[in-house]
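[1] need the 3D shape of this:
(2 chains)
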Amino acid sequence: MITVGTALAASGEGDTPSVLAVPLDEFILGIVAFFIVFFALWKLVLPKIEQTLKDRTDAIEGGIERAAKAEAEAQAMMAKYKEQIAHAHEEAADIRAKAESDAKTIIDQAKQQAEAERSAIAQRGEAQLAAERAQTVAALRQDVGGLAVDLAGRIVGESMDDDARARGVVDRFIADLEASAAGDKS
Amino acid sequence: MGLSLSAALPSSAWNCHFPDCAFPAPGTEIFFFDNVFSIGPFGFNKAMIQLFLGVLIVIGFFWWAFRKPKIVPRGSQNVGEVGYGFIRDGIARDVIGKGGEKFVPFLFAFFFFIWILNFMGIFPTLVFPVTSVFAIPVAFALIVYFTWVPLGIAKQGGWGFFKNIMFPPGLPKPLYIILAPIELISNILVRPFTHCVRLFANMFAGHLLLVTFTVAAWYLFSPTIMGLLGSAVSFVVVLALTAFELLIEALQAYIFTLLTAVYIAGALHAEH
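    Numbers count the residues shown, from 1 in each chain, chains lettered A, B, ... in the order given. I've put the predicted structure just below:
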């Protein structure tokens, strides 16, 4: 190369050397300059670039991993919540059923109580009625007896007030009336 | 520096900007600079200073972009990562394939260093592509050459390496009489030459065109219709060429790096 260059340089005209001449000092400086650039980039810069790219790959892969983990966690949580919700529904159904049965029992109890009270009131009423009736009958018997005797006395013209006979007649009469009333009823 | 624009300025006539009113067609002298200083036998001219400026810019940019790398990249770190991905996925893995990862720093350094050196061709105040100094592409191409040849010999064995180059399988035997020497010459001798000349010639021609039209724009400038028109057209061409150079600079850096990967791939895995 150098010999070719110098050969051509010799054919150059005037005092200007040939452009194809290769001066040794420039040639050596060219080699030195390249190796400075080469070693500086090789040892100082490129390891940094490679490290940066590697870190980035790691960061991206780590990010993907983290995202996958988060997704799995979210899904587990969702399953858990779904289970809890199902459980809650079940519980609610149980509570509702229990409430219904409780309500039924309460209503039944209230009905029974009401029934008992009603029958008690009815019984009391009946007893009262019977007592009143008996009282009334006794009073009536006395009054009607007196009235009848008075009436009969007036009709017959003799007093039957304090007469045992008269009393016997009245009792018979009333017994007959009751018997006939009973006979009419039957 | 053959040109001295400032010397032309005090000229009495507006339509005469250069000595003797002649058009100083830029020649190869625009690629040579006087030494600014020297360290031992090494002379540092504008091109060599720019070369080491390129070293600082490439290392500085990537060191700065990744001084505090973030998981979520911002600004310059984004640019650095895109560049890294482009070399690793677009060149190392695609071209070299298995075992390509090891060569990422090598290809990465070539691509960005050459790109910056090329880009100086249109960068204001520098406006000179370092890769148009032939010694630089030659140095780079020889680094590549002395990487893939020993690599191939180590991987395929001394005889195997040359056999794989000279006798690509699957051809009728008599053809090898012609093919073997052609393959040997094209791969071993011509390859490093084309590798560096491709880069050098592109940057050289681009710079020459830019300088020619820039000089023309100034040369034609005069307060006449033709002068203004010619100057304006030249200036528009300079702008268009600058945009074109932006593309070529990236493309040539890419091609150089891609070919480096292709040569390494050939050394690692015998063809076919």
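[2] model confidence for the residue of chain B found nearest chain A, exactly?
    Relative to chain A, the nearest point of chain B is B:Ala139 (3.1 Å; CB to the nearest CB). From N, CA and C alone the C-beta is placed, and that goes for glycine too. For B:Ala139, the model assigns a pLDDT of 96.
[3] looking at this, it is in a helix?
    Yes. Applying DSSP: H, G, I helix; E, B strand; the rest coil, one finds B:Ala139 inside a helix.
[4] now do the helices in the stretch 101-250 of chain B.
    In the stretch 101-250 of chain B, the helices defined using DSSP state H, counting those that start in this stretch lie at B:104-119, B:135-156, B:158-166, B:175-184, B:191-220, B:225-268.
[5] actually chain A, sorry about that
    Along chain A, counting by DSSP state H, helices occupy A:2-11, A:24-40, A:46-156, A:164-185.
[6] thought A:Tyr46 was touching B:Val104?
    Wrong residue type there; residue A:46 is Leu, not Tyr. Yes. Between A:Leu46 and B:Val104 there is a contact under CB atoms under 8 Å: 6.9 Å.
[7] and chain A, which residues reach chain B?
    Proximity of chain A to chain B (CB under 8 Å from any CB of the partner chain) is limited to residues A:1-2, A:4-5, A:12, A:16-23, A:25-31, A:33-38, A:40-42, A:44-46, A:48-49, A:51-53, A:55-56, A:59.
[8] give me the buried subset of those.
    The neighbour count (16 or more other CB atoms under 10 Å in any protein chain shown) marks A:1, A:5, A:17-23, A:25-27, A:29-31, A:33-34, A:36-38, A:40-42, A:45-46, A:48-49, A:52-53, A:56 as buried among those.
[9] hmm, back to that, check contacts around the residue of chain B closest to chain A.
    Residues in contact with B:Ala139 (CB atoms under 8 Å, 6 or more residues apart in numbering or on different chains) are A:Glu26, A:Phe27, A:Ile28, A:Leu29, A:Gly30, A:Ile31, A:Phe34.
[10] wait, the fourth one touches B:Met48, no?
    Yes. Applying CB under 8 Å as the test, A:Leu29 and B:Met48 come out as touching, 5.6 Å apart.
[11] okay, and the common contacts of those two?
    B:Phe42.
[12] and B:Phe23, that one's in a helix?
    No. Under the criterion used here (three-state DSSP), B:Phe23 is coil, not part of a helix.
[13] leaving out the residues flanking it, which one is nearest to it?
    Spatially, and ignoring its direct neighbours in sequence, B:Phe23 is nearest to B:Tyr219 (5.3 Å; CB to CB, 6 or more residues apart in numbering or on different chains).
[14] how about the contacts made by that neighbour?
    So B:Tyr219 contacts B:His17, B:Phe18, B:Phe23, B:Pro24 (CB under 8 Å, 6+ apart).
[15] which of those count as buried?
    Here, 16+ other CB under 10 Å leaves B:His17, B:Phe18, B:Pro24 buried among the contacts of B:Tyr219.
[16] which one among those residues gets closest to A:Arg124?
    The shortest approach to A:Arg124 among the buried ones among the contacts of B:Tyr219 belongs to B:His17, at 146.0 Å (CB to CB).
[17] isn't that closest one right next to B:Trp218, touching?
    Yes. If you go by CB under 8 Å, B:His17 and B:Trp218 touch, sitting 5.7 Å apart.
[18] give the contact list for residue 112.
    Just going to use chain A. With contact set as CB under 8 Å, 6+ apart, A:Gln112 has no partners.
[19] wrong chain, I was asking about chain B
    A:Val37, A:Leu41, B:Val58, B:Phe62, B:Gly83, B:Ala253.
[20] so can I have a markdown table of those residues showing distance to A:Ser119 and pLDDT?
    As requested, the contacts of B:Phe112 are arranged in a markdown table below (distance: CB to CB, whole Å; pLDDT from 0 to 100):
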| residue | distance to A:Ser119 | pLDDT |
| --- | --- | --- |
| A:Val37 | 119 | 96 |
| A:Leu41 | 113 | 93 |
| B:Val58 | 116 | 95 |
| B:Phe62 | 110 | 92 |
| B:Gly83 | 108 | 90 |
| B:Ala253 | 118 | 96 |
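[21] poorly predicted segments of chain A, please.
    Scanning chain A for pLDDT under 70 picks out A:1-15, A:157-163, A:184-186.
[22] residue in it nearest to chain B?
    For chain A, CB to the nearest CB, closest residue to chain B: A:Gly30, 3.1 Å.
[23] and the nearest residue to that residue once chain neighbours are set aside, how far from B:Gly60?
    Distance criterion CB to CB, 6+ apart; nearest residue to A:Gly30, sequence neighbours excluded, is B:Ala139 at 3.1 Å. Using CB to CB, to the nearest Å, we find B:Ala139 at a distance of 22 Å from B:Gly60.
[24] for the closest residue to B:Ala261 other than its chain neighbours, give me its contacts.
    Leaving out its chain neighbours, the residue that sits closest to B:Ala261 by CB to CB, 6+ apart is B:Val95, at 4.0 Å. Listed by CB under 8 Å, 6+ apart, the contact partners of B:Val95 are B:Leu258, B:Ala261, B:Val262, B:Ala265.
[25] so who does the second one touch?
    The neighbours of B:Ala261, taking CB under 8 Å, 6+ apart as the test, are B:Ile91, B:Ala92, B:Val95, B:Ile96, B:Gly100, B:Phe103, B:Leu107.
[26] pick out the lowest-pLDDT one from these.
    B:Gly100 (86).
[27] my guess is that residue contacts B:Arg93, does it?
    Yes. Counting by CB under 8 Å, B:Arg93 is a contact partner of B:Gly100 at 5.2 Å.
[28] which one's more surrounded, these two?
    B:Gly100 (20 against 15; other CB atoms under 10 Å in any protein chain shown).
[29] next, count neighbours for B:Gly227.
    Neighbourhood size, B:Gly227 [other CB under 10 Å]: 15.
[30] state the distance from B:Ala265 to B:Thr147.
    As judged by CB to CB, B:Ala265 and B:Thr147 stand 12 Å apart.
[31] and the two? which has more neighbours close in?
    In this view B:Ala265 and B:Thr147 are compared by other CB under 10 Å, and B:Ala265 has more residues nearby, 20 against 16.
[32] residue contacts, B:Ala265?
    Counting by CB under 8 Å, 6+ apart, B:Ala265 touches B:Val95, B:Ile96, B:Gly97, B:Gly100.
[33] and the one helix or strand B:Trp63 maps to, does that touch chain A?
    Assigned by DSSP states H and E, B:Trp63 belongs to helix B:46-65. Yes. Among the residues of helix B:46-65, B:Ala47, B:Met48, B:Leu51, B:Phe52, B:Gly54, B:Val55, B:Val58, B:Ile59, B:Phe62, B:Trp63 lie within reach of chain A under CB under 8 Å from any CB.
[34] buried among those? Need that as a selection in PyMOL.
    Filtering these down to the buried ones (16+ other CB under 10 Å) takes a single PyMOL command:
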select buried, chain B and resi 47+48+51+54+55+58+59+62
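[35] burial measure for residue 181, as a count.
    You didn't pick a chain, so chain A it is. 10.
[36] can you look at chain B instead?
    Per other CB under 10 Å, the neighbour tally for B:Pro181 reads 11.
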